[in-house]
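fold the following and give me the result.
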Amino acid sequence: MGIERWSTAQVEALAPDANSLRNARGVTGQFSATGRFDEILWGLCRGYQVAADLDGPAFKCSCPSRKIPCKHVLGLLLRWAESGVTDGPAPEFATAWQATRVARAKRDPDAPRDPVAAAKRSQERADRVAGGMTELRRWLDDQVEQGLAGFARAGRQAFEPMAARLIDAQAGAAAGAVRRLGGAAGLGPHWADRVLGELAMLRLLVTAHSRLDSLDPALAATVRSRIGFPTSADDVLAGPRVTDRWQILGRTETDDGTITTRRTWLRGAATSRFALVLSFAAPGQSLPADLVPGTEFRGDLCFYPGSAPLRALVAEHISAAEPFGSPDGPGTISAGLSSWASLLATEPWRYDAPMLLADVRPASGGYLVDEEGSALPLAPGHREPWWLLAAAGAAPATVAAEWSPAGLRPLAAWAGGEFVPAGAPVPDPGVRREPELPAELLAAALVGTARRPWAAESISVAGLDVEVGDSPSSPGALLEAAAVALTCRRAGIVPATGRDPVPAAPPETEALLPAAATARLARILGGGAPGGGHLEQELLAQWLAAANDRGGLVPPAMLPVLLEAGRRNTTIRAELARVAGRRGAWLAGQRGDWRWLLDEVVEVDVADWHTAGSSERLSHVAALRQTDPERARALVEEAWKTESSENRARFLSVFATGLSPADEPLLEAALDDRRKEVREAALELLRHLPGARLGQRMAERAHAAVRLVPDEWSEPVRLDPGAHGEPVRLDPGAHGEPAPLDVGARGEPVRLVVEPPEELDSSLRRDGVGAAPARGIGAGAWLLEEVVAGTPLASWTGLDPAGWLALARGHDWATPLLHGWAKAAITQHDARWAAALLEKDSGALREAVRWDLHLVLPPDLLARLAADALRAEDGSAHRLLVLHPGPWPDHLAAAVLETIATRARNDRHTWQLGELCRTAGLAMPPAYADLAGRLAAQLDQVVDPTRVRPVTDLARTLIFREEMFQELASVRFAR
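Numbers count the residues shown, from 1 in each chain. As a prediction, this is how the structure comes out:
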């Protein structure tokens, strides 16, 4: 029992891919039994026998998956990490597996080796490597003698024979270096500079190998490692140990298709020594999860031998890993470059090295600048560090990074005592790479020394003359000179100056949301929510709505991912803007595809209206519309002529709050604006303004086109009397009120006379009637439909909605009339008209209009329709459920559970069951989680597992939502 319970991050690091982790979360609730004995964790999941040896780690599962670990093992580990398991008696399969592993370990003792045979094998390998190095020297000289220009045409095949020969010579590392050359030859700008530099460093390696016996032992070990001589882990662990408090700074992973490599950087708090731990995994296998960035442990490390030893193995963990606030001993950029130069002096083949920089800030052009004003460029793919800007707000932060001639590749940062992992690199094709070698060397190498001999005693590197010796004119001399020039240039890099850091973000005025709530948000954004991608967006919307009700902000480090989610999903933008705070608005102002956030209203203080930015003005106007709409309108009228059309539309977007007749003159004037966005915003507001002149104009047109007249032959249609009992007619008076209707006494038969507008004149266009009719609709019918759609429904007096619809039903102009009234009901949110239209005329409406009408219905009526459709097995039931905003009332939730139980037992296809369960997971009250879980347990005994899984996922989703709401239901902040 010596192993402490793992964290969720440790388990997630074991996942071979994102899909495995997502599927693992789906099976965490499907274990019928779990337990732990000694270092063995075991579980039973739907008949599969699952086990994990925590000391390895090693994994076993009876499922057919080829991934290691599979989703069942990951699910077991996640369950253990999040809620723990029991310590009950272990089943036979777990104890047998443990015994097998113990026996296998005992069969591999450290047997004594035959020293004579070992020496013979070592000499044979040394001879093979020597032969390979001799051929490599000859091949390198041939390339430079013949000229590198031919590489652009030859491609990779020019390098394969030499790489294969080095493999045969057991010089694997050198062979890999030759193969990498094939990926650079002829590709991109300055490819010859890159290829010549790599050839030169290989020539330096060959020369060092030829003098291996006379080299310092540490340098000799480096040369042997660069060639490909292995150093066993046992030999490393047998060497001296370095005890310290090791802080894990960060890690990177690369996958070349055949193997995944993880590079984890550590730094000793007392020794200030960096250490690199490498881990490898074949496809489908997982990497170790014992080194979690942002944590520290006290332990022993053993370093591989070399002139500048960085690579190490963890020999022993003396203490458990714990988070730490900020790494010890960060330095300036100048100090980091000085250490880099010293490293190259001892190991010239080194291409990168770690740096721990103190108080750095992002600067324009893709740089990090420190407090001294020194700056270093960020590597391609990292030149826009939004993750760092979000986390630190352009305030000084500690940054761990890998430095190379390509620039800084960040690993992590510490802002405000919080650990922030670096964001993933993004494609950056616009970055130019400067050549590193002198032009005279490149020119001679491209043409070839056979055509253009080269010989010099010194070369110019970065403005300095560097002696290369009195070498004869030969390709080897050119390569040696290139190696000297390249090493001197890389070691002599000086920091840039004059880079202005990004201005700091404004301070926040609200507190952060609870840690548990933001951790759940990270699960949703990271694909860890139940139900996978089908439910992520909906769960995110519910989380944001609950967070807005509570009040508070998300941690700044989460803003880039959250803003990306808002960029893709416009429905969550308003709620997202409120939890993003000032930091979010500041961040959005610096990136074009995030500027949508500036259109959302976030409360800010405006000291001076005339000097405030457009986003601050919008927020100020929005706040004033709630308390002093007259003052808000006056400010907008004052700035109307000088503001851009984009800002005018943004100002109008907040006028729905406090909308009154006093706003009408401004909105009427906006109908003549040149920009369509401004006109549409004004129309939307005027259509919702009672008594507006727009509604009166549309009513005059509508009632001129649609009239009631007496009809002796039709069935009586009873008219609703006016306020004093007199009959009324459609035509509005001067102020829009109903006027007397001249069709006789109450109850007299009437009929509709319809005369559509004849043409689309300028006044109709101004009032929002479009010129393009829907496909298959004539011009007259389209104009009639649009005019009726823009008419206030309150003006259709004399009859109730059912009466008007009864008159229109069967009329020659029934289609445009019904659609016009339906559109008006949708725009004006009139549930009375919507219910009347759906009762008898839904079949005559276009599908899009019909379903939009359902959105106007009150939730209780929509729930009743959905429940009735479910019990009648109507095909529209599921769509009605999707339209219900939720949470469902009890009678609808019960009907859905009944339907789920029936479909799980009887339906031939599971996709309908799955869709119903996913919809229920989002709208059913979370309190039904227990009932859903019981139903899943009952079904598990009688139906196929594929039919139980959606019900289990439903229960998990309801539990997830219940926990989510509980985390956000604690003490609320006032906004």
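
now do the contacts for residue 897.
920, 928, 931, 932, 935 (CB atoms under 8 Å, 6 or more residues apart in numbering). From N, CA and C alone the C-beta is placed, and that goes for glycine too.

please redo it, this time with the cut-off set to 10 Å
Residue 897 is in contact with 920, 924, 928, 931, 932, 935, 951, 954, counting by CB atoms under 10 Å, 6 or more residues apart in numbering.

cool, residue 94 as well?
35-38, 40-44, 49-53, 60.

buried subset of the residues you listed?
The neighbour count (16 or more other CB atoms under 10 Å) marks 35-36, 40-44, 49-53, 60 as buried among the contacts of residue 94.

next step: the residues you listed restricted to helices.
Judged by DSSP state H, helices contain none of these.

residue 370: which of those is nearest?
residue 52 (45.0 Å; CB to CB).

is it true that that closest one touches residue 68?
No: using CB atoms under 10 Å, residue 52 is not in contact with residue 68, being 11.1 Å away.

compute the number of surrounding residues for residue 965.
16 (other CB atoms under 10 Å).

in which helix or strand would I find the nearest residue to it once chain neighbours are set aside?
In space, and not counting its chain neighbours, residue 965 is closest to residue 546: 5.8 Å by CB to CB, 6 or more residues apart in numbering. Applying DSSP states H and E as the criterion places residue 546 in helix 533-550.

identify each buried residue in that helix, please.
Neighbour counts over helix 533-550 (16+ other CB under 10 Å) mark 534-544, 546-548, 550 as buried.

after the longest strand seen in the chain, which helix or strand is next?
Using DSSP state E, we find that the single longest strand of the chain is strand 242-255. Note on strand 242-255: by DSSP H and E, the next helix or strand toward the C-terminus is strand 260-268.

elements contacting that following strand?
If you count contacts as 3 or more CB pairs under 10 Å, 6 or more residues apart in numbering; DSSP states H and E, strand 260-268 packs onto strand 242-255, strand 274-281, strand 295-303, strand 312-317, strand 353-363, strand 397-404, strand 407-415.

could you export those strands to a markdown table, including columns for mean pLDDT?
Below are the helices and strands packed on strand 260-268 laid out as a markdown table (pLDDT from 0 to 100):
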| stretch | mean pLDDT |
| --- | --- |
| strand 242-255 | 94 |
| strand 274-281 | 92 |
| strand 295-303 | 96 |
| strand 312-317 | 94 |
| strand 353-363 | 96 |
| strand 397-404 | 96 |
| strand 407-415 | 96 |
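
next, format the ones you listed as a markdown table and append distance to residue 879 and mean neighbour count.
Below are those laid out as a markdown table (distance: least, CB to CB, whole Å; neighbours: other CB atoms under 10 Å):
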| stretch | distance to residue 879 | mean neighbour count |
| --- | --- | --- |
| strand 242-255 | 43 | 19 |
| strand 274-281 | 46 | 18 |
| strand 295-303 | 49 | 20 |
| strand 312-317 | 57 | 17 |
| strand 353-363 | 48 | 23 |
| strand 397-404 | 50 | 24 |
| strand 407-415 | 47 | 23 |
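
so which of the ones you listed gets nearest residue 24?
strand 274-281 (17.0 Å).

helices or strands next to the closest one in the packing?
strand 242-255, strand 260-268, strand 295-303, strand 312-317, strand 353-363.
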